[in-house]
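1. Just the structure for this:
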Amino acid sequence: MTTSRPGEPGQRPGERGDVLNPLCPTRQLLDRIGTKWTSMAVKVLAEEAPDELRFAELRRRISGISQKMLSVTLQSLVRDGLVARRVEPTVPPAVHYRLTELGLSLEGPLSALRVWAETHMPEIDRSNRLADASPT
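-> The predicted model follows:
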């Protein structure tokens, strides 16, 4: 890892930064990929890879997501190059999504995080109950 900081003289585009630096763009990336909706969208698209899914099918498979939130999530994933979007010129347009190679490389780490959360949820719940029950 380099020790350069985003915006510092001499830093080249695409050079790794330092996530502990408040100006590091990696922080914004982590904000985007660290959401529950991103994790679920990547999971559903990875299950279909290399095939595509239409917007409506994604929405059916991601329980609880609103149309707007799915749209915002997919726009972010497309902008970051993690998801490819294809529009068929029909009326209404049919929009299809699939993970790119970069997006597929994100499924492993997100899957590990989901498994960790599912495995340790009872411990987290227990800790929360104890914290809620103890006087402040």
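2. Least confident secondary structure element in the protein?
-> When each helix and strand of the chain is scored by mean pLDDT, DSSP states H and E, helix 26-33 comes last, with a mean of 91.
3. need the next SSE after that one, C-terminal direction.
-> The helix or strand immediately downstream of helix 26-33 is helix 36-48, counting by DSSP states H and E.
4. what helix or strand is Tyr97 on?
-> For Tyr97, the enclosing helix or strand under DSSP H and E is strand 94-99.
5. which strands and helices sit next to that strand?
-> The criterion is 3 or more CB pairs under 8 Å, 6 or more residues apart in numbering; DSSP states H and E, and the helices and strands that strand 94-99 contacts are helix 36-48, strand 53-54, helix 55-61, strand 83-88. (C-beta placed from N, C-alpha, C; glycine too.)
6. To Leu99, which of the ones you listed lies closest?
-> Taking CB to CB as the criterion, helix 36-48 is the member of those that comes nearest to Leu99, at 4.6 Å.
7. Render the CA-only coordinates of that closest one in PDB, please.
-> What follows is helix 36-48, C-alpha atoms only, in PDB (Å, rounded to 0.1, in the frame of the first residue of the first chain):
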ATOM      1  CA  LYS A  36     -27.200  -3.900   2.900                       C
ATOM      2  CA  TRP A  37     -28.900  -3.200  -0.500                       C
ATOM      3  CA  THR A  38     -25.600  -3.300  -2.300                       C
ATOM      4  CA  SER A  39     -24.700  -6.600  -0.600                       C
ATOM      5  CA  MET A  40     -28.100  -8.100  -1.500                       C
ATOM      6  CA  ALA A  41     -28.000  -6.800  -5.100                       C
ATOM      7  CA  VAL A  42     -24.600  -8.300  -5.700                       C
ATOM      8  CA  LYS A  43     -25.700 -11.600  -4.100                       C
ATOM      9  CA  VAL A  44     -28.700 -11.900  -6.400                       C
ATOM     10  CA  LEU A  45     -26.800 -10.900  -9.500                       C
ATOM     11  CA  ALA A  46     -23.900 -13.300  -8.600                       C
ATOM     12  CA  GLU A  47     -26.400 -16.200  -8.300                       C
ATOM     13  CA  GLU A  48     -27.400 -15.500 -11.900                       C
END
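8. Good, wrapping up.
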